[in-house]
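S.K.: I would like to see how this sequence folds:
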Amino acid sequence: MRVVVVGGGIGGLALAAGLRRRGFEVAVFDRDTDVAATGGYHITLDERAQSALRKLVAPETMRRLLASGSALRLRDRDAFWDRRGRLLGRGPDLSGDAGIDVDRITLRMLLAEEVGDDLHLGRTVSGVDQGEDGAPRVLFPDAVPVPADLVVGADGTHSLVAQHLAGGRTNSPAGIIGFSGRTLRADLSPGERRRLGRRSALAIGPRGAALYVGFLDPVGNAALDAPELRMSVTTGPTYIWGAMFPESPATDSLRALREGELRAALSRRFREQGWAGHTLEVIARADPHSVAAYRFNAASTRAAELAPWPAGRITALGDAVHATPPTAGMGAGAAIRDAAALLEHLGDVEDSGTTTAEAVRDFEAGMRRRGSEVLGLAMRTVRLILATDTTLGAAATAATTPVLAAAARLRHR
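M.R.: The predicted model follows:
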């Protein structure tokens, strides 16, 4: 069976790695010319995502990943803050958590190595269709079509493949614009280093302003102590932060800014909404080249509305089907789980005579459930942020956070 994968992100490369190891003929086409040229900064892989990945890549690749990943179990308990920097509560105990945080670039490079020469970079796909024999084909603006027994769209939120199947967009703006950056822990003042600690944290203020600060240390908190295998992009304690605001003309105007100018504008926007100056230090001292803007897109949280097409020899996975805001940290993990599930069902075609369409049907049924689950979790935070962007929500947020902060002080005396 020949499988053509459109898109060389995490899900597409994970699938191709698994297919290649199982002996399938596979080709991946991606418009990027460099696997390190990828958006995003770090992703979280929970135990389910890691279990799926073990089915797709060689054991040595998993060891290299763990040696390059920051273990959640070695972090302090996560924290929730208000806009003044007052502690509102703590997250669960992570000491038994098998999850890891890993640089997106690191994971993509590891997967690209597994795919090898079957990854074709600098190849822009213009569409998909079916040839005269009914077999699916991948189309290019500057080359002849490539036929396949199965085409898989792993081309992200703006997927050409999913739009071909669905007859239109498979997701829509979630109502939030995100801004992200990287700040070395060593660049913060001693006071902020103590307050933020070696943990991830979330702060939400009135009018939809929110700031997530993720802690990443693949060296000091390595999931596997094997320095000789380490290839992490992040080499010291670092905060990967994400600022969030509701979509509006004012917020949209920030998306046109770049680097230091955008960093300064974000700090100014938070200050105008009453955030304490020290809580913005993580933004003000960020590497200006790392600061970027992006829109949150989301598919439906209803499983029945995901992959709304008849099963056939063209399918899709990951964000192409269940585009997920980053507010739950589960989007990439879900794409990896999709890839492992599709590989398992395609194995049935080889082993038991199941047809490709039947394998795809069973795969898509499971993908709908997975996508609905992660979308539900991610959209909870999105809805919470948007709920504060009303007159009543803003007033309630401003009134309740001092009470919660006082209660937290009593609990942690």
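
S.K.: can you pull out the helices in the chain?
M.R.: 10-21, 47-54, 59-67, 104-115, 160-166, 190-196, 249-254, 259-272, 281-284, 319-322, 331-352, 356-387, 391-411 (DSSP state H).

S.K.: can you add mean pLDDT, distance to residue 179 and mean neighbour count and give those helices back as TSV?
M.R.: Where you see a C-beta, it was placed from the backbone N, CA and C, and this is true even at glycine. As requested, those are exported to TSV (pLDDT from 0 to 100; distance: least, CB to CB, whole Å; neighbours: other CB atoms under 10 Å):
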stretch	mean pLDDT	distance to residue 179	mean neighbour count
helix 10-21	98	22	28
helix 47-54	98	26	18
helix 59-67	98	28	17
helix 104-115	97	17	22
helix 160-166	98	27	22
helix 190-196	98	18	15
helix 249-254	93	7	13
helix 259-272	97	6	17
helix 281-284	98	9	21
helix 319-322	98	19	31
helix 331-352	94	18	22
helix 356-387	97	13	19
helix 391-411	91	20	14
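
S.K.: where does residue 413 land on pLDDT?
M.R.: pLDDT for residue 413: 65.

S.K.: for residue 59, give its distance to residue 224.
M.R.: In this view, residue 59 and residue 224 are 12 Å apart by CB to CB, to the nearest Å.

S.K.: swap in residue 84?
M.R.: Using CB to CB, residue 84 is found at 39 Å from residue 224.

S.K.: show me what counts as buried in the longest strand anywhere in the chain.
M.R.: Under DSSP state E, the strand in the chain containing the largest number of residues is strand 172-184. Neighbour counts using 16 or more other CB atoms under 10 Å place 174, 175, 176, 177, 178, 179, 180, 181, 182, 183 of strand 172-184 among the buried residues.

S.K.: of these, closest to residue 233?
M.R.: Within the buried residues of strand 172-184, the smallest distance to residue 233 is 9.9 Å, found for residue 182 (CB to CB).

S.K.: and that closest one, how far is that from residue 110?
M.R.: For residue 182, the distance to residue 110 - CB to CB - is 20 Å.

S.K.: same question, residue 184
M.R.: The value you get for residue 184 to residue 110, if CB to CB is used, is 24 Å.

S.K.: do the same with residue 123
M.R.: Distance from residue 123 to residue 110, by CB to CB: 21 Å.

S.K.: just to revisit the earlier point, and the longest strand of the chain, C-alpha only, in CSV?
M.R.: C-alpha atoms of strand 172-184 as CSV (Å, rounded to 0.1, in the frame of the first residue of the first chain):
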residue,chain,number,x,y,z
SER,A,172,-13.4,28.8,12.9
PRO,A,173,-11.8,31.5,15.0
ALA,A,174,-12.3,30.8,18.7
GLY,A,175,-12.5,34.5,19.6
ILE,A,176,-9.0,34.8,21.1
ILE,A,177,-5.7,36.2,19.7
GLY,A,178,-2.6,34.7,21.3
PHE,A,179,0.9,36.1,21.6
SER,A,180,3.9,34.0,22.6
GLY,A,181,7.6,34.3,23.5
ARG,A,182,10.5,32.9,25.4
THR,A,183,12.2,34.3,28.5
LEU,A,184,15.2,32.9,30.2
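
S.K.: can you list the strands that that strand pairs with?
M.R.: Next to strand 172-184 in the sheet, as set by DSSP bridges, lie strand 238-246 (antiparallel), strand 292-298 (antiparallel).

S.K.: wait, residue 401 touches residue 89, no?
M.R.: No. Counting by CB atoms under 8 Å, residue 401 does not reach residue 89; the two are 10.8 Å apart.

S.K.: ok, back up a step: how about the helices of the chain in CSV, adding distance to residue 37?
M.R.: Putting those into CSV (distance: least, CB to CB, whole Å) gives the following:
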stretch, distance to residue 37
helix 10-21, 14
helix 47-54, 22
helix 59-67, 20
helix 104-115, 9
helix 160-166, 20
helix 190-196, 30
helix 249-254, 23
helix 259-272, 17
helix 281-284, 24
helix 319-322, 18
helix 331-352, 17
helix 356-387, 26
helix 391-411, 39
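
S.K.: those helices: which one's closest to residue 208?
M.R.: Residue 208 lies closest, by CB to CB, to one member of the helices of the chain: helix 356-387, at 5.3 Å.

S.K.: list the helices and strands the closest one packs on?
M.R.: Counting contacts by 3 or more CB pairs under 8 Å, 6 or more residues apart in numbering; DSSP states H and E, helix 356-387 packs against strand 172-184, strand 201-204, strand 238-246, strand 292-298, strand 314-316, helix 319-322, helix 331-352.
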